[in-house]
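Asks: Based on what follows, work out the 3D shape:
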Amino acid sequence: MPDARQVRRWRQYLADERAEAAVYRDLASRRTGEEREILLALAEAERRHEDHWIELLGDQVGKPRRGAVRTRMLGWLARRFGSVFVLALAQRAEARSPYEADEDATRSMAADEQIHEEVVRGLAARGRARLSGTFRAAVFGANDGLVSNLALVMGIGATGVATPVILATGVAGLLAGALSMAAGEFVSVRSQRELLEASNPSANAHLAVPHLDVNANELALVYRARGLSEADAAQKALRTIQNLQSGATTEAAAIDQHEEIGSAMGAATSSFCFFASGALLPVLPYLFGLQGIAAVITSAVIVGIALLSTGAIVGLLSGGPPLRRALRQLAIGYGAAAATYLLGLSLGAVGV
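Replies: Numbers count the residues shown, from 1 in each chain. Sure thing, here's the model as predicted:
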């Protein structure tokens, strides 16, 4: 018979499995097609794990318990958003499975959880690819706005100039930086898309395939130019021509839309808005009438909180440790601000 500690642990495992299955069902309800099927299959796998703990508990299952706080929070987010952010959190939750070190869990259950992490990672990767262009511009824009305008405001403020001058400098930095970021993102993304589109196969090249000379097969050169070995290219070219001769159809080369890059206008708009939002925070204390060291400290605290938040979000979405990313963002931002603040002090001291 299991002891009281085992029973408590098994009941908690059962509650967590039920909560995780509910998360996947909630996520599936907001998706269609293959992604929906995959999420429902994950929910079914969690149900099999539930059965294991129910069998061990027997008549000691007791009243339904609530899952862990983080799992319940994940379920709340899944019901309301169902975004890649939730999938990223689910990926980290699967990575924390205790079954590997628990003798009461089967080896197959521990293996299931490892595979579940990879499945969720794959689903999250699809979402990351869909938003990566705009997300990159948003993150860079917000971070640049926070760091550059904090450094600018603190550097100017340290010289001892009047508050209106600091405020005007901060607003000018906001507008100049936001416009510069938007223009830079537009040109960068547009140029990258044009460069990659130039590397796509021609949409009409497949029309020439039926007329190629089999004995002088230049189609093999196309495949070799795309990276296949000479032997593999020759075999693939021969199969393609044989399929055409036998009446099989050949699909036209699809144009890669480079979804990961995003649109130039979307990246520019995202960059402008997020840079402006980030750059506004260091100026807020001066807008509300604070002056001197009080304004500097308040500005630094506000921006520090924002840097921690953006760093943690990037860490979660990228599958990395959020605390480490948050502290990294904070260190970079405060390092830049400290450098300009010391420069402003030195310039103010010599009367510049």
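Asks: going forward, measure contacts between C-alpha atoms and count neighbours the same way
Replies: Noted.
Asks: any weak-confidence spans in this structure?
Replies: 78-85, 127-137, 189, 192-219, 221-223, 226, 241-263, 316-320, 349-352 (pLDDT under 70).
Asks: Share the number of residues neighbouring residue 186, please.
Replies: 21 (other CA atoms under 10 Å).
Asks: Identify the residues contacting it.
Replies: 264-265, 267-268 (CA atoms under 8 Å, 6 or more residues apart in numbering).
Asks: So which of the residues you listed wins on neighbours?
Replies: residue 267 (29 neighbours).
Asks: that older thread, and the contacts of residue 186 as CSV, adding secondary structure?
Replies: Output for those, formatted as CSV (DSSP: H, G, I helix; E, B strand; the rest coil):
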residue, secondary structure
264, helix
265, helix
267, helix
268, helix
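Asks: next structured bit after the longest helix along the chain?
Replies: Longest helix of the chain, by residue count under DSSP state H: helix 107-158. Per DSSP states H and E, helix 107-158 leads on to helix 163-197 as the next helix or strand towards the C-terminus.
Asks: What is the burial count for residue 292?
Replies: 14.
Asks: Repeat that for residue 144.
Replies: Using other CA under 10 Å, the number of residues around residue 144 comes to 22.
Asks: can you give me the helices for the stretch 201-350 of the chain?
Replies: For the stretch 201-350 of the chain, the helices defined by DSSP state H, counting those that start in this stretch occupy 219-225, 230-245, 264-280, 284-287, 292-317, 322-349.
Asks: hmm, back to that, just name the closest of the contacts of residue 186 to residue 86, please.
Replies: Among these, residue 267 lies closest to residue 86 (CA to CA), at 22.9 Å.
Asks: re the thing from before, go through the helices of the stretch 201-350 of the chain and name the closest to residue 36.
Replies: helix 292-317 (20.4 Å).
Asks: helices or strands up against the closest one?
Replies: Other helices and strands packing on helix 292-317, by 3 or more CA pairs under 8 Å, 6 or more residues apart in numbering; DSSP states H and E, are helix 84-95, helix 107-158, helix 284-287, helix 322-349.
Asks: how far out from the middle of the chain is the longest helix of the chain?
Replies: 4 Å (CA atoms, centre = their mean, to the nearest Å).
Asks: just the angle between the helix or strand residue 57 falls within and helix 107-158, please?
Replies: Assigned by DSSP H and E, residue 57 belongs to helix 33-57. On the basis of axes from the mean of the first three to the mean of the last three CA atoms, to 10 degrees, helix 33-57 is oriented at 120 degrees to helix 107-158.
Asks: Packing partners of helix 33-57?
Replies: The helices and strands touching helix 33-57, judged by 3+ CA pairs under 8 Å, 6+ apart, are helix 4-29, helix 107-158.
Asks: That helix versus helix 4-29: what angle between them?
Replies: Going by the same axes, to 10 degrees, helix 33-57 makes 160 degrees with helix 4-29.
Asks: which residues touch the next helix or strand after helix 33-57?
Replies: For helix 33-57, the following helix or strand on the C-terminal side (DSSP H and E) is helix 69-80. The contact list for helix 69-80, computed with CA under 8 Å, 6+ apart, reads 16, 19-20, 22-23, 26-27, 66, 86, 89-90, 93.
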